[in-house]
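J.: Quick one: sequence and predicted model below, then my questions.
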Amino acid sequence: MKPLKILIVEDETLFSALLRTALEHTREVQVLAVCHSAQQALADPRMQDADAVILDIDLGPDSEMNGIQLGRHLRERQPSLGIVLLSNHSSLVFARTLGTDFTGWAYLLKKSVQDITIILRALHRVKDGEVVLDPQLLHPEQLQKKHFPHLTARQWELWTLITQGYTNAAIAAELGLSQKWIDNAIGGLYGALGLDTSQANLNARVAAALLYARTIQQGFLTLLDE
């Protein structure tokens, strides 16, 4: 499998250097460039060859735009570009500024990047147009009391793994179950969540992740165009 081609946009030079080294060490990622400002990223010709980009939301006081705004500019240029946002803040309110185009976005906490598998999973999934949330943002034990009380413990487990960017095969490996069982169980989960998978324009995995995020933020995210 060819390595993912990415750019990193991060104003903290030490953090970006460590992140680049860790990602390249996996051999799953080729870092085309590290930019330290939005202006530099927008001017870098290597961006057009990237599969995905990692953006710090806070690019410093001298930046003309934050990482979210930069991501939107880049997405306008390259509609298939995957975007991974990094933040020190565990809030999804940022998503209100994204309109209804959530596909191919991830939101990770910087402290989670210490586990390189989390950011690798996010990079692969956003490249495929999916939505990924940091595992530290997911609190099924809190949500279950007020929302979707009819879901079983296994369904909650499957939902959180989907939202973290696990594929069905990865979920099967994680839980020690067959992929056929997982495929059927996830189909049942979508039904329990009220997702109409017969809609041709509905990506059920994306819709499930956004529904989870919307539930966390009590309506700050829009599941589908309304």
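T.: On my side now, so go ahead.
J.: The residue nearest to the spatial centre of the chain in helix, strand or coil?
T.: Centroid-nearest residue in the chain: Ala106, 2.0 Å away (criterion: Cα atoms, centre = their mean). Each residue gets one of three states, and Ala106 gets strand by DSSP: H, G, I helix; E, B strand; the rest coil.
J.: and it, what are its bridge partners?
T.: Listed by DSSP bridges, the beta-bridge partners for Ala106 are Val84, Val132.
J.: Tell me how far it lies from Thr21.
T.: For Ala106, the distance to Thr21 (Cβ to Cβ, to the nearest Å) stands at 21 Å. Where you see a C-beta, it was placed from the backbone N, CA and C, and this is true even at glycine.
J.: could you pull out the helices for this protein?
T.: All helices of the chain, identified by DSSP state H, fall at 13-25, 38-43, 67-77, 116-127, 140-146, 153-163, 168-175, 179-192, 204-216.
J.: Outline the domain layout of this protein.
T.: Listed by automatic domain parsing, the domain ranges of the chain are 4-135, 138-216.
J.: Mind listing residues that contact stretch 35-53?
T.: Contact with stretch 35-53 is made by 4-11, 13, 16, 32-33, 59-60, 62-67, 69-71, 73-74, 77-78, 81-84, 123, 126-127, as judged by Cβ atoms under 8 Å, 6 or more residues apart in numbering.
J.: Same check on stretch 6-16?
T.: Contacts for stretch 6-16 (Cβ under 8 Å, 6+ apart): 19-20, 23, 29-38, 40-41, 44, 46-47, 50-56, 58-60, 63, 67, 70, 86, 110, 123.
J.: any low-confidence regions in this protein?
T.: 90-102, 139-146, 216-226 (pLDDT under 70).
J.: just to revisit the earlier point, for PyMOL, what selects the buried ones among the contacts of stretch 35-53?
T.: A single PyMOL command selects the buried members of these (16 or more other Cβ atoms under 10 Å):
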select buried, resi 4+5+6+7+8+9+10+11+16+32+33+59+63+65+66+67+69+70+71+74+81+82+83+84+123+126+127
